[in-house]
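Novice: quick one, structure for this:
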Amino acid sequence: MAMLKVTDLEVCYGVIRAIKGISFEVNKGEVVALIGANGAGKTTILHTITGLIPSKAGKIEYEGKDITKLPGHKIVALGMAHVPEGRRVFSELTVLENLKLGAYTRKDKAEISQTLQMVYQRFPRLEERKNQLAGTLSGGEQQMLAMGRALMSHPDIILMDEPSMGLSPIYVNEIFDIIQKISAGGTTVLLVEQNAKKALSIADRAYVLETGTIALEGKAEELLNNDSVKKAYLGE
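Specialist: Residues are numbered from 1 along each chain as shown. Next up is the predicted model:
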């Protein structure tokens, strides 16, 4: 059984069909990438899965449970975390306060403290800057904070939206290394990313989106070597 299963999903903005009946799945332990040009519908899909925007038709199942109509806070409580595009950290709060907000669905203080130490191990820079206001961090550090905050909910699956956007090449490499470590630690990853080459280099499988439909799907390695993917998304 797929961990996350999306079937015939349709999403509309007014009269515009942004997502046109797509189906895909993510299995436990995988890194699955959704790649495609700007406006293909990648972010809309993540927002719909996590209950931020409603679907017009179709079904979203998580661990066999229909979550299509569930509100976002209940979806988080089921074990799904979302790292939004643009990082969306609380700039007036400290790094530590931001991280603690990520654990709002959890009650066991000892467990929360344990998770915080795990996040600090993964992101030593966040521990160094724990009392600093989040708004004063660099773009790369804010991305790490957004990822750390999502991990504080102890998710089984993490949805990441454009984690490399606007970052310097050094930070891009660092962020992708961290995504691989998160995956190796047992967390399933659904990755939306415009940097197709980077995404395909760490993913197990991928889906290529074009204007609200899935144009191609397959093993990431095969898509990396696919001529039409190379031409359209890899600049080759």
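Novice: after the helix of greatest length in the chain comes which helix or strand?
Specialist: As assigned by DSSP state H, the longest helix anywhere in the chain is helix 169-184. Remark: after helix 169-184, the chain's next helix or strand is strand 188-192, criterion DSSP states H and E.
Novice: check what pLDDT the nearest residue to Ser153 once chain neighbours are set aside gets.
Specialist: Nearest-residue entry for Ser153: Ala81, 5.0 Å, with adjacent residues in sequence omitted and distances by CB to CB, 6 or more residues apart in numbering. Where C-beta positions appear, they are placed from N, C-alpha and C, glycine not excepted. Each residue has a pLDDT score; the one for Ala81 is 94.
Novice: so what's Ala81 bridging to?
Specialist: Ile158 (DSSP bridges).
Novice: show me what contacts it?
Specialist: Shown in contact with Ala81 (CB atoms under 8 Å, 6 or more residues apart in numbering): 102, 150-151, 153, 155, 157-159.
Novice: which parts of this structure are strands?
Specialist: Using DSSP state E, the strands of the chain run over 4-13, 16-26, 31-36, 57-62, 65-66, 80-83, 157-161, 188-192, 205-210, 213-219.
Novice: next, the buried residues of stretch 131-144.
Specialist: For stretch 131-144, burial by neighbour count (16 or more other CB atoms under 10 Å) applies to 133-134, 137, 140-144.
Novice: quick check, central residue of the protein?
Specialist: When CA atoms, centre = their mean is applied to the chain, the residue found nearest the centroid is Met160 (1.5 Å).
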